[in-house]
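1. Predicted model and sequence follow; I will ask about them next.
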Amino acid sequence: MSRSVEITNNLNNKNGDTEERLDFNDMYNSFKINLQLNSAYEISFTATYTQQYKDAYNMLKMGRGIWYDGREYYINQLENGFDENGLATKQITAHAILIDLMKNVRLDPKQPTEDSPEVSGDSSSDSSDSDDSQQTGTVVKKTDEQETHSLQELLDKFFKDNDQGISYELHGNFPKQAIDCSGSLYEWLGNNLTSFGAYYVPHNYVLKIYDLESLKLPTDVQLRYLHNVTSVDIQSDGNDFYNDFDVYGGKMEKDITTAGSGNGVNEPVNGDWTPVIQNAASLVGEHLSQSDISLVLAQINLESSGRENAKGGDDGLSDGIAMGLLQFKQGTFNYYCRPPYTNIWHGLDQIIALFNVPNWRSQITGRHGWSPHGAPVSKSPIQAQQASSTAGVNNIVSFCRSFVGKVPYVWGGSTTSGWDCSGFVCYVLNHFGINTPRTNTVGLESKGTIVGPPLSNG
């Protein structure tokens, strides 16, 4: 290592006035740094007593501050011993100073007193409320309504007027969550920060919090064995591997909520994905505004330019390339897709998967790429309602009207890129499961009934 390590007489966040540099030989032979997001931020080393560095050695005590690479750490573990030459040693582990300070910041519920007794039974709810936005496959049970908060609102409760002199910074975008504040700040972060898709990095007295996109920092550093890496340690842990499960006496409930039968449009109309988006929303019970549709269209255009077969990059990760209309990776798509819409190369299936991402409106912007996160809204199969004969006719009529002014006349055509009269009729009938070969309009006369005059030619 090339950076120096200095011990100070700063004890328990009381500013010190003395610094001593530790023996470089000790640091070169034993210094380690352990950084794990949302978990460990610590350094460790073994110091050896020598006459030259005795002052630094004697300052190594529990709670003392250590400076390394512009960051301050607290000694939280110390073990005395001797080396092979009989010299006294101290094995030191020190974690980021902010860890201890966050443990001292707490929000505990106020205890009732004679002047401020606890009051209960003053809440009420209206059980007649209904939720029209229920998604397919989701079983909704009425509970007390939960209020959602932004990450900034919750952090402000901890940091406002704290007596530890610490602050925080937010970098990125985070969804709102129904989470309360209680206990120490350190424990709260460990239990709740992942719900926001957030990661924290302590930097002295400032807690820096990032979303995944803001945290990424390409280094362009290549690690090569026996070039700039002296050793490689590869470990495999099979403790969490399970091959088979046998369940005895298990009970399971399966709830399938049926939704609308959709408008039947499974592919874009003359390049316009709007009717497919509306179809997907109807199938899962998602209510869309015009701005919602515009948002999804913008994301589709950004990710794939509307191409179902688009292939993207792998972001330097080992989980494969991004694919399809909304550039899902296969594992992520498998996590959010809804049976039977499980083909990553079908645009409708990807849009249904998008609507299965929690708070999807806040996870896409239409201006930059996205990284879906959060538990799926539902994994139940989508079971469309059986349409009555009247509803079936209305669906066919609605399907036909969706093409008005969008598909040009092309003689002999039978696709949404262009069609003639017989091609259009064949396309519609085949779409609704009525097998109709494309021959000519004369061959279609047997498929329908003349409704009577007035008739017109052309």
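-> Nice, I can see it.
2. is it true that residue 287 touches residue 281?
-> Yes - here residue 287 reaches residue 281: they are 7.2 Å apart, a contact under Cβ atoms under 8 Å. Every residue, glycine included, has its C-beta placed from N, CA and C.
3. Settle it for me: which of these two has more neighbours?
-> Neighbour count, other Cβ atoms under 10 Å: between residue 287 and residue 281, residue 281 has more, with 23 against 11.
4. Now the more buried one: phi and psi?
-> Main-chain dihedrals, residue 281, degrees, to the nearest 10: phi -60, psi -40.
5. Give the closest residue to it in space, chain neighbours not counted.
-> Nearest residue to residue 281, sequence neighbours excluded (Cβ to Cβ, 6 or more residues apart in numbering): residue 288, at 4.9 Å.
6. swap in residue 149?
-> residue 176 (6.1 Å).
7. Okay, the one you found and residue 208: tell me how far apart.
-> Applying Cβ to Cβ, to the nearest Å, the value for residue 176 to residue 208 is 21 Å.
8. List the buried residues of the longest helix along the chain.
-> Looking across the chain with DSSP state H, the single longest helix is helix 290-304. For helix 290-304, the neighbour count (16 or more other Cβ atoms under 10 Å) marks 292, 295-297, 299-300, 302-304 as buried.
9. quick one: which of the residues you listed is nearest residue 155?
-> The closest of these to residue 155 turns out to be residue 295 (Cβ to Cβ; 27.8 Å).
10. For the closest residue to the closest one other than its chain neighbours, give its distance to residue 218.
-> Closest residue to residue 295 apart from its sequence neighbours, by Cβ to Cβ, 6+ apart: residue 366 at 5.5 Å. Residue 366 sits 25 Å away from residue 218, taking Cβ to Cβ as the criterion.
11. Show me which of the two is the more surrounded one.
-> Shown here are residue 366 and residue 218; by other Cβ under 10 Å, residue 366 has more neighbours (15 against 6).
12. Would you confirm that the residue nearest to residue 295 contacts residue 293?
-> No - the pair residue 366 / residue 293 is not scored as a contact, 11.3 Å apart, by Cβ under 8 Å.
13. Three-state assignment for residue 358, please.
-> Assigned state for residue 358: coil (three-state reduction, DSSP: H, G, I helix; E, B strand; the rest coil).
14. Contacts only, for it.
-> 175, 374-377 (Cβ atoms under 8 Å, 6 or more residues apart in numbering).
15. In PyMOL, how would I select just the buried ones from those residues?
-> A single PyMOL command selects the buried members of those (16+ other Cβ under 10 Å):
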select buried, resi 175+374+376+377
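16. Tell me, how many residues neighbour residue 71?
-> 15.
17. Pretty sure it sits against residue 96.
-> Yes - counting by Cβ under 8 Å, residue 71 touches residue 96, with 6.7 Å between them.
18. Helix or strand: which one has residue 157?
-> For residue 157, the element it lies in under DSSP states H and E is helix 151-159.
19. Might you calculate how far that helix sits from the centre of the chain?
-> How far helix 151-159 lies from its chain's middle: 21 Å, per Cα atoms, centre = their mean, to the nearest Å.
20. so what does the helix or strand hosting residue 276 touch, helix or strand wise?
-> Assigned by DSSP H and E, residue 276 belongs to helix 274-284. Under the contact criterion of 3 or more Cβ pairs under 8 Å, 6 or more residues apart in numbering; DSSP states H and E, helix 274-284 touches helix 290-304, helix 347-355.
21. picking up where we left off before, give me the element the residue nearest to residue 295 is part of.
-> Residue-wise, residue 366 maps onto no helix or strand under DSSP H and E.
22. ok, which stretches of the protein are helices?
-> Remark: helices assigned in the chain by DSSP H are 24-30, 54-59, 97-103, 151-159, 185-192, 212-215, 274-284, 290-304, 330-336, 347-355, 360-363, 389-401, 421-431.
23. Restricting to C-alpha, output the longest one in PDB.
-> These are the backbone C-alpha positions of helix 290-304, laid out as PDB (Å, rounded to 0.1, in the frame of the first residue of the first chain):
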ATOM      1  CA  GLN A 290     -52.900   9.600 -21.600                       C
ATOM      2  CA  SER A 291     -49.700  10.700 -19.900                       C
ATOM      3  CA  ASP A 292     -49.100   7.100 -18.700                       C
ATOM      4  CA  ILE A 293     -49.400   5.900 -22.300                       C
ATOM      5  CA  SER A 294     -47.000   8.700 -23.500                       C
ATOM      6  CA  LEU A 295     -44.500   7.600 -20.800                       C
ATOM      7  CA  VAL A 296     -44.600   4.000 -21.900                       C
ATOM      8  CA  LEU A 297     -44.300   5.000 -25.500                       C
ATOM      9  CA  ALA A 298     -41.300   7.200 -24.700                       C
ATOM     10  CA  GLN A 299     -39.500   4.400 -22.900                       C
ATOM     11  CA  ILE A 300     -40.200   1.900 -25.700                       C
ATOM     12  CA  ASN A 301     -38.800   4.400 -28.200                       C
ATOM     13  CA  LEU A 302     -35.700   5.000 -26.000                       C
ATOM     14  CA  GLU A 303     -35.000   1.300 -25.400                       C
ATOM     15  CA  SER A 304     -35.700  -0.300 -28.700                       C
END
